[in-house]
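Engineer: Whatever this is, show me its structure:
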Amino acid sequence: QYSFKEVFGTLVVQKEVFDVVAKPLVEDLIRGKNGLLFTYGVTGSGKTHTMTGSPGDGGLLPRCLDMIFNSIGPFQAKRFVFKLDDKNGVDVQCEVDALLERQRRDALPVPKTPSGKRHIDPEFADMINVQDHCKVEEVDEDNVYSVFVSYIEIYNNYVYDLLEEAPFEPIKPKWNNCNTPVRNGDFIPPQSKMLREDQNHNMYVTGCTEVEVKSTEEAFEVFWRGQKKRRIANTQLNSESSRSHSVFIIKLAQAPLDADGDNVLQEKEQITLSQLSLVDLAGSERTNRTKAEGNRLREAGNINQSLMTLRTCIEVLRENQLYGTNKMVPYRDSKLTHLFKNYFDGEGKVRMIVCVNPKAEDYEESLQVMRFAEVTQEVEVARPVDRPLCGLTPGRRFRNQAFREELARKLEMRGGPLGGETEEQSVAEMLLQNFPPLPSCELLDIDDDQTLPKLIEALEQRHKTRQMLSEEFAKNVLAFKTMLQEFDSSVLSKEHYIQGKLSEKEKTIAGQRTELERLEKKIKTLEYKIEILEKTATIYEEDKRNLQQELESKSQKLQQQASDKRRLEARLQGMVAETTMKWEKECERRVAAKQLEMQNKLWVKDEKLKQLKAIVTEPRAEKPERPSRERDREKPPQRSVSPPPVPSAPPVRLRHRRSRSAGERWVDHKPPSNVPTETVMQPHVPHAITVAAASEKALAKCDKYMLTHQELASDGEIETKLIKGDVFKTRGGGQAVQFTDIETLKQESPTGRKRRSSSSHPDPPGDAADSEWTDVETRCSVAVEMRAGSVLGPGYQHHAQPK
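Structural biologist: Residues are numbered from 1 along each chain as shown. Coordinates of the predicted model:
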């Protein structure tokens, strides 16, 4: 089970999906915020259908366009008022510059941008015929808006412009039977685009075609033109499988009107550029199911690699968020994640639609998709702060329109200019005011002879004044003509000078442009090298991690083996100590038993000898008494539990055995493993140099050499050998030893172990009983006990007791 924000059934309509997922992104776009919408899933799960739609039921993309133009329709700026630059920025132009730009574009021989009044292509007319008329309610009416669209695809980890005009067909190139392109002189491979970072640290595609559109039909026609160039192919799982990630980018530029509400405010800082990216990801697929070969296999590998990089970036972001770490997110491993790096860093809202195919064959892959999509919900990024207001009075657009309408209505009602207004006086009226005033011209009397002469005099004065003004005016005109000629000559000279300067500047600009092109080519080459080095570094890092893991595993194995060895050594040492102690006790027990047995035998023989002596020395006819037994009764013998082997032997003083060459200087070589023996005879060499290992320094000072060697004999006793030799000097200045004699020192038990003899060699009857009891004691560990006062005599009554 997996949990998501919303789960749509199989019979859901496109409008419901749009209202839940895409409508909030469009509202944020018009409010100046960025948005990103993914469709993600396995191949053939309906991602392209969700994004584009079908005839009669448009998908998310046409519905987004329709909502944008329904909201900003009456507030759109004229073409080229907003002008995008090549650095992901936007400039604003005045109405005159925009008009000149439109005239210049109309004069170019290139095909014009399609307008909304043109006939709509019937191929996609049903997709954009949306009857919902959805729009954003709160739109800033004091702003003007312009919409720019661009369409790119990411194919084999390269970025291509689908709106670029090129004389080739990139969708269906001709291939031969060997899966290699046919050599065609007209076939020009598309040029990949580079990703750059602008001054605000936002990623953009350099040299990408961005078209200004004014209606839904015009925008979708641009999209459809690029959609025909998108790479698709037939696979075992999908007849029209997308082989690339497509990105349709909608940019909305908006700027406030000036204080009068007539023109756009000519301040670049007040321009807001927001962006909505609609991404149709290629589906993840397994090559063992699609049976891909050649180019299809390479495309599938790149698709899966880019999706894996997207997954890795999401997981690193989640890990940094959960554990407070600061791991580097590997955006640069794929063009897809590198392009949308800003969205994951918090520069907008990100939505993902997971498309799931209910087919049983896609069960495992669908589980992987849903597991990753569920993890992405736990990632939270910081949101940018809204832009500050411009500070102008709101509602100025409609107040200006209302003022103009009221002014036109008043003029129409009065039929002319307003009465309160004072018109400017003409130049002629000003001249008439300088003339002398005319006298009264009214004749009331026929005899009046003063009015006409006064009038004639005033008119003559006015005529003179007029002539004077005419002469002065002619002089002024002549002077003005002279000034105009001088001005024209100076203007001509300045024009020639300016033309020369302009030609020089144009040459400089041409040189700088050539230098810029060279530098751009160099930049592309260096960026390509950087990508190769980054890939190489990634491979080396992976190898380093693998080697470190292998080294750690081997170190752990070695440590485990060392600990096992130490444990085994300790166990063996314990076993050896236990066995040694056991055998020492066993040897002591056997020695004690042997001593007791020998004492008992010796005592029995003594008793027999005493009885035999009594029989021989007392020849009587009656049955003799046993005087030895009677004496024993009177004076019982003192017996010890373990009498010494030789009770009457005097103490022996240890003496040293002298070497036959005692007068010479010897090297006595005794190894560290030599075991000291407690024998009476010990090797003793006076004036000898005792060493644990033979050395040239010791050999140089002596004439004789003796090595003490010990080994275990066949009867279990330690045998010591003294290997003797003579020391000679060699030609090279060294020392050599020639062995001449071996002396052997060995210990033996005085009575060997007796065993029962075979039938072919019978023993005497007295010894047979001794041998039998000795053999039984040795083999069966039976102790022999003698009881005093026995009728049968000593040594003939035995009580066996277990060990």
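Engineer: What about the closest residue to Glu717 other than its chain neighbours, how many residues nearby?
Structural biologist: Nearest residue to Glu717 in three dimensions, chain neighbours excluded: Gln747, at 5.2 Å (CB to CB, 6 or more residues apart in numbering). Glycine gets a C-beta too; all of them are placed from N, C-alpha and C. By the criterion of other CB atoms under 10 Å, Gln747 has 14 neighbours.
Engineer: quick one: contacts for Gln747?
Structural biologist: If a contact means CB atoms under 8 Å, 6 or more residues apart in numbering, then Gln747 has Thr677, Thr679, Glu717, Ile718 as its contacts.
Engineer: separation between it and Thr677?
Structural biologist: Using CB to CB, to the nearest Å, we find Gln747 at a distance of 7 Å from Thr677.
Engineer: could I get stretch 39-59 in CSV with only the CA atoms?
Structural biologist: Taking Å, rounded to 0.1, in the frame of the first residue of the first chain, the C-alpha atoms of stretch 39-59 are listed here in CSV:
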residue,chain,number,x,y,z
THR,A,39,4.3,12.8,-15.7
TYR,A,40,6.2,9.7,-14.4
GLY,A,41,5.7,6.0,-14.9
VAL,A,42,6.7,2.9,-16.9
THR,A,43,6.5,2.8,-20.6
GLY,A,44,3.0,2.6,-22.1
SER,A,45,1.3,3.8,-18.9
GLY,A,46,-0.4,6.9,-20.4
LYS,A,47,2.0,9.8,-19.6
THR,A,48,1.8,11.5,-23.0
HIS,A,49,-2.0,11.0,-23.1
THR,A,50,-2.3,12.7,-19.7
MET,A,51,-0.1,15.6,-20.8
THR,A,52,-1.5,16.1,-24.4
GLY,A,53,-4.9,14.5,-24.4
SER,A,54,-6.9,13.1,-27.2
PRO,A,55,-9.3,14.5,-29.8
GLY,A,56,-12.3,15.9,-28.1
ASP,A,57,-10.7,15.8,-24.6
GLY,A,58,-7.6,17.9,-24.3
GLY,A,59,-5.0,17.1,-21.7
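Engineer: what's the overlap in contacts for Gln747 and Thr677?
Structural biologist: Ile718.
Engineer: Count the neighbours of Glu719 for me.
Structural biologist: Counted with other CB under 10 Å, the neighbours of Glu719 add up to 16.
Engineer: Please list the residues outside the strand or helix carrying it that contact it.
Structural biologist: In this assignment (DSSP states H and E), Glu719 forms part of strand 718-729. Strand 718-729 is contacted from outside by 667, 675, 677, 683, 699, 702-713, 735-747, using CB under 8 Å, 6+ apart.
Engineer: Next up, identify which helix or strand Leu100 is on.
Structural biologist: Per DSSP H and E: helix 95-107 holds Leu100.
Engineer: which parts of that helix are buried?
Structural biologist: The neighbour-count check on helix 95-107 (16 or more other CB atoms under 10 Å) flags Ala98, Glu101 as buried.
Engineer: And the closest residue to Val20 other than its chain neighbours, how far from Met352?
Structural biologist: Excluding its sequence neighbours, the residue lying closest to Val20 (CB to CB, 6+ apart) is Glu6, at 5.5 Å. Separation of Glu6 from Met352 (CB to CB): 11 Å.
Engineer: more neighbours, these two?
Structural biologist: Neighbour comparison, Glu6 and Met352: the larger count goes to Met352, with 20 against 10 (by other CB under 10 Å).
Engineer: show me the contacts for the more buried one.
Structural biologist: Neighbouring residues of Met352 by CB under 8 Å, 6+ apart: Leu37, Phe38, Thr39, Tyr40, Ala373, Thr376.
Engineer: and if we set it to 10 Å?
Structural biologist: 4-5, 21, 36-41, 279, 281, 314, 372-373, 376-377 (CB atoms under 10 Å, 6 or more residues apart in numbering).
Engineer: so it sits in a helix?
Structural biologist: No. Read with DSSP: H, G, I helix; E, B strand; the rest coil, Met352 is strand and lies in no helix.
Engineer: how much space between the residue nearest to Glu717 and Glu678?
Structural biologist: Distance, Gln747 to Glu678, using CB to CB: 9 Å.
Engineer: Same check on Phe8?
Structural biologist: To Glu678, Phe8 is 99 Å away according to CB to CB.
Engineer: Settle it for me: which of these two has more neighbours?
Structural biologist: The residue with more neighbours, out of Phe8 and Glu678, is Phe8; 15 against 7, by other CB under 10 Å.
Engineer: how close does the closest residue in space to the more buried one that isn't next to it in sequence get to Gly32?
Structural biologist: Spatial nearest neighbour of Phe8, excluding adjacent residues (CB to CB, 6+ apart): Val17 at 6.1 Å. Distance, Val17 to Gly32, using CB to CB: 25 Å.
Engineer: end to end, how far does stretch 196-210 reach?
Structural biologist: For stretch 196-210, the first and last residues are 16 Å from each other (CA to CA, to the nearest Å).
Engineer: Which parts of that stretch count as buried, going by neighbours?
Structural biologist: By neighbour count on 16+ other CB under 10 Å, the buried set for stretch 196-210 is Arg196, Asn202, Met203, Tyr204, Val205, Cys208, Thr209, Glu210.
Engineer: May I ask which two of the residues you listed are separated the most?
Structural biologist: The span of the buried residues of stretch 196-210, defined through CB to CB, is set by Asn202 and Thr209 at 18.6 Å.
Engineer: Reformat the contacts of Gln747 as JSON lines; add neighbour count, distance to Ser563 and pLDDT.
Structural biologist: Below are the contacts of Gln747 laid out as JSON lines (neighbours: other CB atoms under 10 Å; distance: CB to CB, whole Å; pLDDT from 0 to 100):
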{"residue": "Thr677", "neighbour count": "15", "distance to Ser563": "39", "pLDDT": "78"}
{"residue": "Thr679", "neighbour count": "14", "distance to Ser563": "44", "pLDDT": "77"}
{"residue": "Glu717", "neighbour count": "12", "distance to Ser563": "40", "pLDDT": "79"}
{"residue": "Ile718", "neighbour count": "14", "distance to Ser563": "37", "pLDDT": "82"}
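Engineer: Show me which pair in the residues you listed is furthest apart.
Structural biologist: Of all pairs drawn from those, the one with the longest distance (CB to CB) is Thr679 and Glu717, at 10.7 Å.
Engineer: Can you check which residues contact both of the two?
Structural biologist: Lys746, Gln747.
Engineer: lowest-confidence helix or strand of the protein?
Structural biologist: strand 655-658 (a mean of 41; mean pLDDT, DSSP states H and E).
Engineer: in its sheet, what does the strand or helix carrying Gln275 sit against?
Structural biologist: For Gln275, the host element (DSSP H and E) is strand 272-280. As defined by DSSP bridges, the strand partners of strand 272-280 come to strand 35-41 (parallel), strand 245-256 (antiparallel).
Engineer: Distance from the chain centre to that strand, please.
Structural biologist: With CA atoms, centre = their mean, to the nearest Å as the basis, strand 272-280 stands 27 Å off its chain's centre.
Engineer: buried set for that strand?
Structural biologist: Buried residues in strand 272-280, defined by neighbour count with 16+ other CB under 10 Å: Thr272, Leu273, Ser274, Gln275, Leu276, Ser277, Leu278, Val279, Asp280.
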